[in-house]
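In: here are the coordinates; sequence isn't available:
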């Protein structure tokens, strides 16, 4: 065999390994993080359920070198409250989709034009 054929076989092997590895990865994943806050559950729920407060406590917009721009739609709090954000050429939307007072707030992140969607919950 010449070097061209050996190179193609090696390249095909690498592609096959990546393909098989991709099949093994889980389709769904979960990240959990917890923190203890010295506040009553009702007060904390009311604060987090107001979408305008999210820019104060979320960590992705804490870098002052990359200023986010925010706009809001819908109700001030609860289901249907929307926060739209942009930074440089990236855009996204956070929507509170539901929950149960005072235990849970469900939300959805949509990145770009909807290419990436992520559901989440604060419990």
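Out: Ah, there it is. Not measured: the values here are computed from a predicted model. Numbers count the residues shown, from 1 in each chain.
In: where do the strands sit along the chain?
Out: Ranges of strands in the chain, per DSSP state E, are 69-73, 82-87, 90-100, 104-111, 116-122.
In: and the closest residue to residue 87 other than its chain neighbours, how many neighbours?
Out: With sequence-adjacent residues excluded and distances taken as CB to CB, 6 or more residues apart in numbering, residue 87 is closest to residue 68, at 4.8 Å. From N, CA and C alone the C-beta is placed, and that goes for glycine too. Residues lying near residue 68 (other CB atoms under 10 Å) number 17.
In: begin at 651 from here
Out: Shifting the count to begin at 651 puts that one at residue 718.
In: how far away is residue 718 from residue 686?
Out: For residue 718, the distance to residue 686 (CB to CB, to the nearest Å) stands at 27 Å.
In: that older thread, confidence score at the residue nearest to residue 737?
Out: On pLDDT, residue 718 comes in at 83.
In: what's the helix or strand of the chain with the lowest mean pLDDT packed up against?
Out: The weakest-scoring helix or strand in the chain, judged by mean pLDDT, DSSP states H and E, is helix 704-707 (a mean of 86). In terms of contacts (3 or more CB pairs under 8 Å, 6 or more residues apart in numbering; DSSP states H and E), helix 704-707 is packed against strand 732-737.
In: enumerate the positions of the strand it packs on that are buried.
Out: Residues of strand 732-737 classed as buried: 732, 733, 735 (neighbour count, 16 or more other CB atoms under 10 Å).
In: low-confidence regions, this protein specifically.
Out: Counting by pLDDT under 70, the chain has low-confidence residues at 710-714.
In: check it for its longest helix and report it.
Out: helix 653-674 (DSSP state H).
In: which parts of it are buried?
Out: So, applying 16+ other CB under 10 Å, helix 653-674 has no buried residues.
In: what do you get for stretch 748-760?
Out: Applying 16+ other CB under 10 Å to stretch 748-760 flags 749, 755, 756, 757, 760 as buried.
In: residue 773: which of these is nearest?
Out: Each of these was scored against residue 773 by CB to CB, and residue 755 proved nearest at 8.1 Å.
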